[in-house]
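> Below are the sequence and a predicted model; questions follow.
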Amino acid sequence: MIRIAICDDEQRLRKELRKVVERSLQLKGRDYQLQEFDCGEALLAELSAGSIDILFLDIEMGQLNGMDTARLLRKQAPETLLIFVTSHPDYVFQGYEVKALNYILKPYKEQKILEVLDAAIAELSEEPEQSFLVKHKGGQKRLLVQNICYFWSERRKIHVRTEEEVLTFYGKLNEIELEMPDCFVRIHNRYLVNINFVQETGTEYVSCAGQSLPLSRGNKQDLHVAFAKLLLE
């Protein structure tokens, strides 16, 4: 899930930027959440409730301008990718102080928005690889999440399958599901699969990493939506 925010005191320009950003993300099949703020004060208040991955920030706003907002933001959210939007290119050079990723000039040009958005998403994708620690009978092992094909439960035991091996440990599938990124989809009460290893979906089964796994009626829609998004990427 990519969390995006647009902070601009001009509603029309917020809507214009939002329309381009959302259309691009939807065409890419990306999961996202997009929020709008009309002032820096409202944006900074929201940061206490969680992080924002990508922020489009207007420099020329009311009492708290964009540059002052950015300085305060860096104290709370140093990892947020900051993109300035402004009518005056002279302000752009101040962006180095707050580690801005890029800038967009008003009036907006759609191609520029798309280029900057793609660059920001690529920057997010370069985050360290996520891992999952398995504590099993023979000791413990750290698995790269991207190499996990699926999990399945059997009473109090959880089995995790990678392309090379199967490991067994004690745990709860519901808790593991909360830890995993969006590419992991529940297909059955006992199965959690990595959509990147799904080769085929049927009415009652899923082919994942060469194995035929059961697909429950209640999980069909989520699985088919996730699989469709994968095909669009």
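Ah, there it is.

> my guess is Glu79 meets Ile52, correct?
No - taking Cβ atoms under 8 Å as the definition, Glu79 is not a contact partner of Ile52, at 9.4 Å. Backbone N, C-alpha and C define where each C-beta goes, glycine included.

> Between the two, point out the one with more neighbours.
A count of neighbours by other Cβ atoms under 10 Å puts Ile52 above the other of Glu79 and Ile52, at 23 against 10.

> That one - nearest residue in space that isn't next to it in sequence?
When the adjacent residues along the chain are set aside, Ile52 lies closest to Ala5, with 4.7 Å between them (Cβ to Cβ, 6 or more residues apart in numbering).

> repeat for Asp118
Spatial nearest neighbour of Asp118, excluding adjacent residues (Cβ to Cβ, 6+ apart): Ser24 at 8.0 Å.

> which strands and helices sit next to the helix or strand harbouring that neighbour?
Secondary structure here is read from DSSP states H and E; on that basis Ser24 sits in helix 11-28. With contacts defined as 3 or more Cβ pairs under 8 Å, 6 or more residues apart in numbering; DSSP states H and E, the packing partners of helix 11-28 are strand 2-7, strand 32-37, strand 54-58, helix 110-125.

> Repeat the analysis, applying 7 Å as the threshold.
Counting contacts by 3 or more Cβ pairs under 7 Å, 6 or more residues apart in numbering; DSSP states H and E, the secondary-structure elements packed against helix 11-28 are strand 2-7, strand 32-37, helix 110-125.

> Okay, Leu57 and Gln63: tell me how far apart.
Leu57 sits 15 Å away from Gln63, taking Cβ to Cβ, to the nearest Å as the criterion.

> So the two - more neighbours on which side?
When neighbours are counted by other Cβ under 10 Å, Leu57 comes out ahead of the other of Leu57 and Gln63, with 28 against 8.

> how about the nearest residue to Asp58 once chain neighbours are set aside, phi and psi?
Once flanking residues are discounted, Asp58 sits nearest to Asp8: 3.9 Å by Cβ to Cβ, 6+ apart. The main-chain torsion angles of Asp8 are listed as degrees, to the nearest 10 and equal phi -160, psi 140.

> residues contacting Asp8?
14, 58, 85 (Cβ atoms under 7 Å, 6 or more residues apart in numbering).

> Any chance of JSON lines for these, columns neighbour count and pLDDT?
JSON lines is the format used below for those (neighbours: other Cβ atoms under 10 Å; pLDDT from 0 to 100):
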{"residue": "Arg14", "neighbour count": "19", "pLDDT": "94"}
{"residue": "Asp58", "neighbour count": "26", "pLDDT": "93"}
{"residue": "Val85", "neighbour count": "24", "pLDDT": "91"}
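
> between these, which is nearest Gln211?
Distance to Gln211 across the contacts of Asp8 (Cβ to Cβ) is lowest for Arg14, with 47.2 Å.

> Can you tell me how far the residue nearest to Asp58 is from Arg18?
Plainly put, Asp8 is 10 Å away from Arg18 if you go by Cβ to Cβ.

> One more: Ala77?
Here the distance between Ala77 and Arg18 works out to 20 Å (Cβ to Cβ).

> The nearest residue to Arg190 once chain neighbours are set aside: what secondary structure?
The spatial neighbour of Arg190 that comes closest, neighbours along the chain excluded (Cβ to Cβ, 6+ apart), is Ser153 at 4.8 Å. Here Ser153 takes the strand state, with states given by DSSP: H, G, I helix; E, B strand; the rest coil.
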